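S.K.: below is the sequence, then the predicted model.
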Amino acid sequence: MMRSDRVLKGLPELYQMDRWLEQDDLPCRVHTLTAIEMGNDCLPVYCFEMGSTQPTAPVIIFSGGVHGVERIGTQVLLAFMHTLFARLEWDESLDDLLQHVRLVFVPLVNPGGMLVRHRANPNGVDLMRNAPIDAQGNVPFMLGGHRVSRYLPWYRGRRNADMEPEAQALLNLVESCVLKSDFVISLDCHSGFGHQDQVWFPYAFTPDPFDDIGEMFALRLLFRRTHPNFSFYKIEPQSRNYTTHGDLWDHVYRKTLHRRKGVYLPLTLEMGSWLWVKKNPLQIFNSMGIFNPVLPHRHERVLRRHQCLMEFLIRAARSFRNWLPHPADRRDWMHQAIEHWY
Ligand SMILES: [Zn+2]
């Protein structure tokens, strides 16, 4: 694949995916969800699929790079994919696992934004504020999404305009999985908010609980019991941090709620970058330093830190029937969840 020098230097994450595509024996199916024109460059949004092709099989969707400055999300996913590819050469237990579950990776949703080091896509739209959904109640000024100008961060796009191609492509992909599969989890990797690593679930547009709150509580309990030494993740509804307009996960969740086949739990991993900045204050002078670990040892630590969570989610999806609340107990689980979080 021919890429300009600008892309080769400015987007090593895409370069790594291109190298994978050149392998004849890459153990996955690759699609281009959409492609973004930037001058003479055409930047693909790649989707890598591994495992079961049964439409009803449980699915886990990993995405990253929705915000172009948050490179570490993309890098965490690429590092995880590297490990899976290497394991598939020798690890029969992974082969067995993939007979029963499908893994879908979209490691770089916003290549244009990442190339020019912007949060938004090349049209100036924040893809996580772009869905047609308005928040209720108090929304933080600007940060919650606005329609003032595409030259300001957190711009939602014009009212009644189509969604941006990157957001629409991701939406279509997730929707097609949720409508057919018995169980879906998505994990969208971000960085930049807070002192600790957080796992958020819907809603972002309202402080009210979402329909699968009992199932979410069961997943949290399963994780806490299975991995008691990974207590550093704070797991809570996004609205406990702030509410926003246009959240893509709220939108796809609500859009599929009454048409879907099974359960869908959309998660966001928000890696707490303030911690990295606190330990190395000089990195705020590095243009990427507010959202990404800069020192090599810290970068490597972040790349490996979330592999346990991602492995856990794959196994939880594979064996969802063994821990998901029974329909008869659903109400009870919902009550427990609401008591815990609301
Ligand atoms: Zn983000």
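M.R.: Structure received. Quantities reported herein were computed from a predicted structural model and do not represent experimental measurements.
S.K.: so what does the helix or strand hosting L303 touch, helix or strand wise?
M.R.: According to DSSP states H and E, L303 maps onto helix 296-305. Applying 3 or more C-beta pairs under 8 Å, 6 or more residues apart in numbering; DSSP states H and E, one finds that helix 296-305 contacts helix 71-88, helix 274-279. Just so you know, the C-beta spots here come from the backbone N, C-alpha and C atoms, and that holds for glycine as well.
S.K.: now the angle from it to helix 71-88?
M.R.: 60 degrees (axes from the mean of the first three to the mean of the last three C-alpha atoms, to 10 degrees).
S.K.: tell me the helix or strand right after helix 296-305.
M.R.: That would be, after helix 296-305 and using DSSP H and E, helix 307-318.
S.K.: how about that following helix: buried residues?
M.R.: Within helix 307-318, the residues that count as buried by 16 or more other C-beta atoms under 10 Å are L309, M310, F312, L313, I314, A316, A317, R318.
S.K.: can you give the distance of the helix holding L303 from its chain's centre?
M.R.: Between the centre of helix 296-305 and the centre of its host chain there is 19 Å, according to C-alpha atoms, centre = their mean, to the nearest Å.
S.K.: weakest of the helices and strands packed on helix 296-305 in terms of mean pLDDT?
M.R.: With a mean of 74, helix 274-279 has the lowest mean pLDDT of these.
S.K.: show me what whatever residue of the stretch 101-250 of the chain ends up closest to the ion is bridged to.
M.R.: The nearest approach of the stretch 101-250 of the chain to the ion comes at H190, 3.3 Å away (C-beta to the ion). H190 has these beta-bridge partners by DSSP bridges: E270.
S.K.: isn't it up against L269?
M.R.: Yes - look at H190 against L269 with C-beta atoms under 8 Å: they come within range, at 6.7 Å.
S.K.: identify the contacts common to these two.
M.R.: Counting by C-beta atoms under 8 Å, 6 or more residues apart in numbering, the common neighbours of H190 and L269 are G73.
S.K.: list the contacts of V174.
M.R.: With C-beta under 8 Å, 6+ apart, V174 has these contacts: I61, V184, S186, V252, P266.
S.K.: helices or strands next to the worst-scoring helix or strand of the chain on mean pLDDT in the packing?
M.R.: When each helix and strand of the chain is scored by mean pLDDT, DSSP states H and E, helix 274-279 comes last, with a mean of 74. For helix 274-279, the helices and strands in contact under the criterion 3+ C-beta pairs under 8 Å, 6+ apart are helix 296-305.
S.K.: state whether T268 is indeed within a strand.
M.R.: Yes - assessed by DSSP: H, G, I helix; E, B strand; the rest coil, T268 belongs to a strand.
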